[in-house]
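Undergrad: I need the structure of the sequence given here:
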Amino acid sequence: MSALDAVDLARIQFALNISFHILFPTISIGLAWILLFFRLRFTATTNRLWEYAYYFWVKVFALTFALGVVSGVTMSFQFGTNWPGFIERAGNIAGPLLGYEVLTAFFLESTFLGIMLFGKEKVSNRVHLFSSAMVVLGTTLSAFWILSLNSWMQTPQGYEIIDGVFHPVSWWDIVFNPSFPYRLAHMLNASLLTSAFLVAGISAWRILRKVDGPATLSVLKTGVVMAAVLSPVQVFIGDLHGLNTLKHQPAKIAAIEGIWHTEKGAPLTLFGFPDEGEKTTHFAIEIPKGASLILTHDPDGEVLGLNEFEGRHPPVAFVFWSFRVMVGTGFLMIAVSWIAAWSLSRKKKASGLVLTALSMMTFAGWVATLSGWYVTEVGRQPWLITGQMRVSEAAAPHSSATLAGTLLGYGLLYGFLLVAYVGTIRYMATKPAASLKLANIYSKSASDSLSPERS
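TA: Predicted structure coming up:
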């Protein structure tokens, strides 16, 4: 780490913090919607199988939500400790948006989460259902405000600068900035996909090890159907997002595609090894005119190259490969989910090979989300606020030794928490006593004639 300066270390530390934090909201947002679906199914059918599924997965949601909250607090401190220049100059915009997230989302989630977790015997089913819906609204609103701020930093508008400080002119333009609708749709769909593969993967794992409960197969089918429908939708949203990025952040697109010089009929580079020193991509596998066709919908369309942004473009190799990891994972999701859906529709149960593939894809959403987030954030470099404020202008004057020490501490802590999180979910999924207890509850309740209001 001695070769890195303080700004580099501060960037790495922030990247580590956001990488760890984003894992948990990505699951909690999507899983909240799945839990609401389970609750709605139970209310509509009074079939206790869906209640069984709900109470198993609400525990996973609670664990995920807790880690998301804790790591989110750390993220907030990062702005003050390592990036005070951002708050000093853009605090008039960032502060209210973060405040709206707390007021409209976090309080809503926290208030009704308790009823979700502990209200089964204390409130009616309708109140329980309403609480689940409020938690869904809270998690979605949280994503709304955070992505609004991040999108404004990517495509800023609705402001004026007075003495170097950003002041809001139009909150409508700030919140609904040009890239926000695409980022919100892309992230919400990514959260649903991540959760779909999580529930399908863990359910498949439980079936393979014969520790499944009465609702496991139904949960598996729910996850598979969600993944099969949403994965191609994500490709469509991603294409729209890419066209928006081409319009507002062409340097990012040039790095993603490895286009070194402005040209008409630019090829689509599938794989290769970008070399910034020689400004070329070695061993490139290309589709002639593919990039122009995708980006401009014209095989002879002109695409700006990195030569247009000398000194103002992101590190090419990192962005280039992160994008390909994201896209590759996305197409793998499509293949696995479609094969699993076809298998379940024909045989009513998945084969051992399909179950194994689904279990291996349990955390595939994390891979796609992180790689996509790296494309978004690293692809914005060297800007903190595109075109207006560089990253280096916002960093605190800490010593490299101080940042290296805190970075090491964060790394060790997050590594431990991540292993503990995955281990805890594994324990919950295979705990025989819990499965037996819930199965007995299901069996006993299946013969009951209670109405949903009394449940």
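
Undergrad: Over to residue 271: give its phi and psi.
TA: Backbone torsions of residue 271, given as degrees, to the nearest 10, read phi -140, psi 160.

Undergrad: wait, what's in contact with it?
TA: The contact partners of residue 271, taken as Cβ atoms under 8 Å, 6 or more residues apart in numbering, are 283-285, 324. Quick note: C-beta positions are derived from backbone N, CA and C, even for glycine.

Undergrad: measure it to residue 321 for me?
TA: 9 Å (Cβ to Cβ, to the nearest Å).

Undergrad: and the contacts of residue 271, which are buried?
TA: Buried by 16 or more other Cβ atoms under 10 Å: residue 324, out of the contacts of residue 271.

Undergrad: what kind of secondary structure is residue 120 in?
TA: Taking DSSP: H, G, I helix; E, B strand; the rest coil as the rule, one finds residue 120 in the coil state.

Undergrad: Quick one: neighbours of it, just the number.
TA: 15 (other Cβ atoms under 10 Å).

Undergrad: Just read off the phi/psi values of residue 266.
TA: Backbone torsions of residue 266, given as degrees, to the nearest 10, read phi -70, psi 140.

Undergrad: list the contacts for it?
TA: With Cβ under 8 Å, 6+ apart as the criterion, the residues that contact residue 266 are 257, 259, 289-292, 295, 301-303, 305.

Undergrad: quick one: which of the residues you listed is nearest residue 72?
TA: When those are ranked by distance to residue 72 (Cβ to Cβ), residue 257 comes first, at 33.4 Å.

Undergrad: correct me, but the closest one touches residue 272?
TA: No. Between residue 257 and residue 272 there is no contact under Cβ atoms under 8 Å: 10.5 Å.

Undergrad: of these two, who's got more company?
TA: For residue 257 versus residue 272, the count of surrounding residues by other Cβ under 10 Å is larger for residue 257: 27 against 18.

Undergrad: okay, now the residue nearest to the more buried one when sequence neighbours are not counted: neighbour count?
TA: Nearest residue to residue 257 in three dimensions, chain neighbours excluded: residue 291, at 5.0 Å (Cβ to Cβ, 6 or more residues apart in numbering). Applying the criterion other Cβ under 10 Å, we find 25 residues in the vicinity of residue 291.

Undergrad: Residue 387 now?
TA: Around residue 387 there are 11 other residues, counting by other Cβ under 10 Å.

Undergrad: go on, residue 112?
TA: A count of neighbours around residue 112, defined by other Cβ under 10 Å, yields 22.

Undergrad: list the contacts for the nearest residue to residue 367 once chain neighbours are set aside?
TA: Spatial nearest neighbour of residue 367, excluding adjacent residues (Cβ to Cβ, 6+ apart): residue 329 at 5.0 Å. With contacts defined as Cβ under 8 Å, 6+ apart, residue 329 is in contact with 364, 367-368, 371.

Undergrad: Report the secondary structure state of residue 329.
TA: For residue 329, the reduced secondary structure class is helix; criterion used: three-state DSSP.

Undergrad: With residue 281 instead?
TA: At residue 281 the chain is in strand, as set by three-state DSSP.

Undergrad: what's the spacing between it and residue 158?
TA: Counting by Cβ to Cβ, the gap between residue 281 and residue 158 amounts to 38 Å.

Undergrad: who has more neighbours, those two?
TA: residue 281 (22 against 17).

Undergrad: That one contacts residue 261, doesn't it?
TA: No. No contact is recorded between residue 281 and residue 261 when judged using Cβ under 8 Å, the distance being 11.6 Å.

Undergrad: Scan the helices and strands of the chain for the one with the lowest mean pLDDT.
TA: Between all helices and strands in the chain, the lowest mean by mean pLDDT, DSSP states H and E belongs to helix 432-446, at a mean of 48.

Undergrad: can you pull the buried residues of the longest helix along the chain?
TA: In the chain, taking DSSP state H as the definition, the longest helix is helix 6-45. Of all the residues in helix 6-45, those buried under the rule 16+ other Cβ under 10 Å are 6-14, 17-39, 41-43.
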